[in-house]
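Trainee: Turn this into a structure:
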Amino acid sequence: MPKISEIEGTPNRNALKFILKEPLTWGVTHSYDNAEQARDDPLAAALFDIDHVTNVFYVDRWITITQDGGADWQDLAREVADPIRAAPAANAQSAATVAAASTAIAGLSPEAQKRLAAINEMLDEEIRPYLQNDGGDLHVLGLDGNKLNVHYQGACGTCPSSISGTLRGIQNMLRSIEPDIEVIAT
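Mentor: Below you'll find the model as predicted:
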């Protein structure tokens, strides 16, 4: 059962990041925007049973909880801590499970797969560590010509700066390897 090591604020005032001593997963992200999406995940479902919880995002040794702004974080943090502590720690997962959760998108041409691999490499090195530090992440949904569709997760999913400034920054950085790329957040 994961023990909470630290609780950090994020740039999104409605989200808190809980850093754990044991991992919940091994590289597989879980992101839910509502209770219906989370119904098959016992931890996320338990968190959505708590009033004001609007988003649950977790991977490895941290979980980000987003609320609707109607709760006091001091009270809500105590309430969400119980299901987090009751969750099972990650078991060793096979390499195949982790690989299946990667952002490789089936159906792309070999050239598009190569482009996407370069894009993901840059995102992994230059973008995702900062988003993860702030309690969120970025998932690539698809690459269609010069349009890269992404989805913000965790604290970044409801943070106003991620849809404006951060998105432009990501697009500008990616243009160093893909000069005509347009990044679209969905």
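Trainee: Just the buried positions in the strand or helix carrying residue 111, please.
Mentor: Counting by DSSP states H and E, the element that carries residue 111 is helix 110-122. Within helix 110-122, the residues scored as buried using 16 or more other CB atoms under 10 Å are 115, 116, 119, 120, 122. Glycine gets a C-beta too; all of them are placed from N, C-alpha and C.
Trainee: just checking, what packs against the helix or strand that comes right after that helix?
Mentor: Scanning forward in sequence from helix 110-122, with DSSP H and E defining helices and strands, the next element found is helix 128-133. For helix 128-133, the contact count by 3 or more CB pairs under 8 Å, 6 or more residues apart in numbering; DSSP states H and E identifies strand 136-144 as packing neighbours.
Trainee: Show residues contacting the helix or strand just after the strand it packs on.
Mentor: Using DSSP H and E, the next helix or strand after strand 136-144 towards the C-terminus is strand 147-154. When contacts are taken as CB atoms under 8 Å, 6 or more residues apart in numbering, the neighbours of strand 147-154 outside the stretch itself are 15, 17, 29, 31, 55, 57, 64, 66, 119, 131, 135-143, 157, 159, 162-163, 170, 174, 178, 181-186.
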